[in-house]
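Chemist: using only what follows, build the 3D model:
(chains A and B)
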Amino acid sequence: MNLPWFKRIGIFFIPTAIIGWLILLGGLAYAVYVFIDIDSRSHSVSDTLINFVFNLLIIGAVYSLIAFLTSRTAKI
Amino acid sequence: MEMENFEEKLTQMTKPEVTNLKHQDMLANAITKAKDKSVNSWWWLSIPLYLIVTLLMKTIFMPQTTLRLNIHDFTSREIYSSILFFIVLPILFIVINFISIRNIYFLSGSQKSISFLRASWFNVLMIIFSILILIIYSL
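Modeler: Residues are numbered from 1 along each chain as shown, chains lettered A, B, ... in the order given. As a prediction, the model looks like this:
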């Protein structure tokens, strides 16, 4: 597969290839699923947000690790 | 006749010019890599920093507890997560960012200049955050 899949702009990695966009959309879909799951079990808005932000940071960290590893062109 | 040609050739000759130095490419590559690594560090270090902020908020809203007590409580409940987020990740990112800064430092000719600081300030910030996390955890 042709690298790079992402390019870095500031503190964010932006997709530059279709597979990069698929990873981003997968991450966003998982974040929405996690939010709905946490919201169904929590007792207050703050309870939802505190737990969701923690999960969102983990999703962001894993996404940034994948993006970091695939944001370089392969050495010839 | 031949001598004239030679003189003409001499006047047309210029010094060999290298417009793009390999060293410049290496330095630019090292700076880009260091910035990518520092951004990755930021995302991973934001998790323990967020945990510390939530534990600090808990300490503020529950005056009978202390930050130290809350961290110990969290550690006893989440042993592996706490070791990963409060010990392994900060140490790992201190090493990674230190190596990145060292590479830029050597490639920039070991100069302590403003441009060197501008290229590596985010890496330095990540090292400071990592040390801060280690200090708070070891309280």
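
Chemist: so what touches the helix or strand hosting residue A:55?
Modeler: When elements are assigned from DSSP states H and E, residue A:55 belongs to helix A:45-69. By C-beta atoms under 8 Å, 6 or more residues apart in numbering or on different chains, the residues outside helix A:45-69 that reach it are A:5-6, A:8, A:13, A:20, A:23-24, A:27, A:30-31, A:34-35, A:38-39, A:42, B:36-37, B:39-40, B:43-44, B:46-47, B:50-51, B:54. No exception for glycine: its C-beta is placed from N, CA and C like everyone else's.

Chemist: next step: the residues you listed restricted to helices.
Modeler: A:20, A:23-24, A:27, A:30-31, A:34-35, A:38-39, B:36-37, B:39-40, B:43-44, B:46-47, B:50-51, B:54 (DSSP state H).

Chemist: give me the buried subset of those residues.
Modeler: Neighbour counting by 16 or more other C-beta atoms under 10 Å in any protein chain shown classes A:20, A:23-24, A:27, A:31, A:34-35, A:38, B:36-37, B:39-40, B:43-44, B:46-47, B:50-51, B:54 among the ones in helices among the contacts of helix A:45-69 as buried.

Chemist: sketch out the low-pLDDT regions of chain B for me.
Modeler: Under the criterion pLDDT under 70, the flagged ranges of chain B are B:1-4, B:16-21.

Chemist: any idea which residue sits dead centre in it?
Modeler: Residue closest to the average C-alpha location in chain B (C-alpha atoms, centre = their mean): residue B:123, at 2.4 Å.

Chemist: please name the nearest non-neighbouring residue to that one.
Modeler: Closest residue to residue B:123 apart from its sequence neighbours, by C-beta to C-beta, 6 or more residues apart in numbering or on different chains: residue B:97 at 4.2 Å.

Chemist: got the contact list for that neighbour?
Modeler: B:34, B:37-38, B:41, B:123-124, B:126-127, B:130.

Chemist: tell me the most packed of these, by neighbour count.
Modeler: residue B:41 (28 neighbours; other C-beta atoms under 10 Å in any protein chain shown).

Chemist: ranges for the helices of chain B?
Modeler: For chain B, helices defined by DSSP H occupy the ranges B:2-12, B:22-61, B:67-77, B:79-83, B:89-107, B:114-137.

Chemist: quick one: average confidence on stretch A:38-57?
Modeler: For stretch A:38-57, mean pLDDT is 92.

Chemist: and chain B, is stretch A:5-16 touching that?
Modeler: Yes: with C-beta under 8 Å from any C-beta of the partner chain as the criterion, chain B is reached by stretch A:5-16 at A:8, A:10-11, A:13.

Chemist: list buried members of those residues by neighbour count.
Modeler: Among the residues of stretch A:5-16 next to chain B, the ones that count as buried by 16+ other C-beta under 10 Å are A:8, A:13.

Chemist: let me have the residues of stretch A:5-16 next to chain B in a markdown table, extended by pLDDT.
Modeler: Shown next, in a markdown table, are the residues of stretch A:5-16 next to chain B (pLDDT from 0 to 100):
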| residue | pLDDT |
| --- | --- |
| A:8 | 90 |
| A:10 | 88 |
| A:11 | 89 |
| A:13 | 93 |
